[in-house]
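S.K.: Mind folding the following:
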Amino acid sequence: MPTEVGSADNTGNFAAALKEFYGPGLIGALNEDIPYFDALSSGGSEVELGGRGLVWPVHIKRSGGVGAIAENSTLPTAGTQTRTRATARAKEIYGRVELTRKVMAASRSNKMAFVDALDAEMNALESELKYSLNRQLLGNNVAPGSGGSEPDTGGLAVITTNGDSLTVKVDSTHQLHSGMKVRMGTAALLKANTAASADTTGGTTIAVRTIDAITSRTEFTVEDDTVELATGNIVSIGDQEAAASSGFRSYNQEMLGLDHLIVDDDDGLFGIDTTNAAWKAHVDDNGGTNRSLSPERMDAMFDGVYEKSGQRPDMIVCHQSFVREVKKLMESDVRYEPQTFKGGFERNLLVWNNGTKDVVFLADHLCMPNRAYFLSREHIKLAYLDKFGWLDEDGAVLSRVSNLANFEAAFGAMLEQIVTKRNAHGVLNDISINESTLVTPA
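M.R.: Below you'll find the predicted structure:
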């Protein structure tokens, strides 16, 4: 790490350390600590940049120009494979670090002060960035699209009980945590970025609160003021208190997660005509009522995806509780195999053989319980408008904070999770798991 202690150009020392040491370390940490991110490949030549968005071709219908004929009969009518152009806007995810002028000045003559100042900020940035990226990729689709409208992203939970209380009852607190700043309201108001105001019974406004504590798998408490919103309102991340044109909010600005990408709904994902049934993923659900997992149901998922797309899934992504249910089915035949993804980190993953090939389970604590995604890795990718790095287009990694004697730096990317063949994936939903093994989020 470049640490020219004693140099007058202390800002340059911090900037060089961020760029040459901490930047690559952050990227390595994302690959090492987020297995699903590590498993995704980057979109290649099939993904083009169109204006501020992303464009790529998808196959939605087979040609039909094949058939058996009698001797001396007319050949089948020639057909063409039907393709269309999918479009998406790149989402932006950033983390910021800030250093006071006093800390920077003290580090001029003290190497450990220099290291401590950066390490404290970078550890916090790394932790929050990993959590946010992982949560977005595994996304919880609480507001499905319909009528050709793409699903909104950034919904973390749905309010299940009307009330005027510091306690908020929701369908799941699985992706919430204490200290999280949340914006709550209807999907329409959250999407319009409506300013927060006094709560009104019936959910006709936006409530901005900080989560004080997660008290159960379906309840959390908030600081300062009660929440008086209606059943069906959505919990999202954000801290906007003022005008609708300013402030931080994440609703409809986050990446499309697995729940958004792999549904069988009239949702207009990526602008694809929703009447194309061949485009839709294979879904096995039970209308919200959980049922037991069985070997037949597992194998039927592979068969269902294959029948729709001609390809078999090669990875299953799920919560650890789902993996425990799979182990019960396998009894003594539990096998693990080493897997190495793009980051070069080796992991031993549980394997299921569907009679055709071994398929690995990738378990993650931020996946929603009761479901598993059956993925064909060839057809799910990360498409980048700008890859992870420091914002330094002006030549400076560190910039002055307006009206303060502090400096800040921002690290992030512009990207979207996409599918190039939606029907090559599937989801097995509404599976009973051992609820007693789940812990309440902190």
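
S.K.: the helices in the stretch 1-150 of the chain, which residues?
M.R.: Counting by DSSP state H, counting those that start in this stretch, the stretch 1-150 of the chain has these helices, from start to end: 10-17, 23-33, 35-39, 101-106, 111-137.

S.K.: any idea how far the second one is from the chain center?
M.R.: Put plainly, it is helix 23-33. In terms of C-alpha atoms, centre = their mean, to the nearest Å, the centre of helix 23-33 is found 17 Å from the chain centre.

S.K.: Just the residues contacting that helix, thanks.
M.R.: For helix 23-33, the surrounding residues in contact (C-beta atoms under 8 Å, 6 or more residues apart in numbering) are 37-38, 122, 125-126, 129-130, 133, 341-345, 388-390, 411. Placement of C-beta: from N, CA and C, glycine included.

S.K.: how big is the angle separating it from helix 10-17?
M.R.: Angle, helix 23-33 to helix 10-17, by axes from the mean of the first three to the mean of the last three C-alpha atoms, to 10 degrees: 40 degrees.

S.K.: got the CA coordinates for helix 23-33 in PDB?
M.R.: Extracted in PDB, the C-alpha atoms of helix 23-33 (Å, rounded to 0.1, in the frame of the first residue of the first chain):
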ATOM      1  CA  GLY A  23     -10.500  -1.200  -4.700                       C
ATOM      2  CA  PRO A  24      -9.200  -4.600  -5.900                       C
ATOM      3  CA  GLY A  25      -9.700  -5.900  -2.300                       C
ATOM      4  CA  LEU A  26     -13.400  -4.900  -2.400                       C
ATOM      5  CA  ILE A  27     -14.000  -6.700  -5.700                       C
ATOM      6  CA  GLY A  28     -12.200  -9.800  -4.300                       C
ATOM      7  CA  ALA A  29     -14.400  -9.600  -1.200                       C
ATOM      8  CA  LEU A  30     -17.600  -9.500  -3.300                       C
ATOM      9  CA  ASN A  31     -16.600 -12.600  -5.200                       C
ATOM     10  CA  GLU A  32     -15.400 -14.500  -2.100                       C
ATOM     11  CA  ASP A  33     -18.300 -13.700   0.200                       C
END
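
S.K.: buried residues in that helix?
M.R.: 23, 26-27, 29-31, 33 (16 or more other C-beta atoms under 10 Å).

S.K.: likewise the longest one?
M.R.: Neighbour-count burial for helix 111-137, counted by 16+ other C-beta under 10 Å, picks out 113-114, 117-118, 121-122, 125-126, 129-130, 132-137.

S.K.: buried set for the helix or strand following that helix?
M.R.: Using DSSP states H and E, the helix or strand that follows helix 111-137 in sequence is strand 155-158. Using 16+ other C-beta under 10 Å as the test for burial, strand 155-158 gives 155-158.

S.K.: who does strand 155-158 touch, helix- and strand-wise?
M.R.: Here strand 155-158 touches strand 234-237, going by 3 or more C-beta pairs under 8 Å, 6 or more residues apart in numbering; DSSP states H and E.
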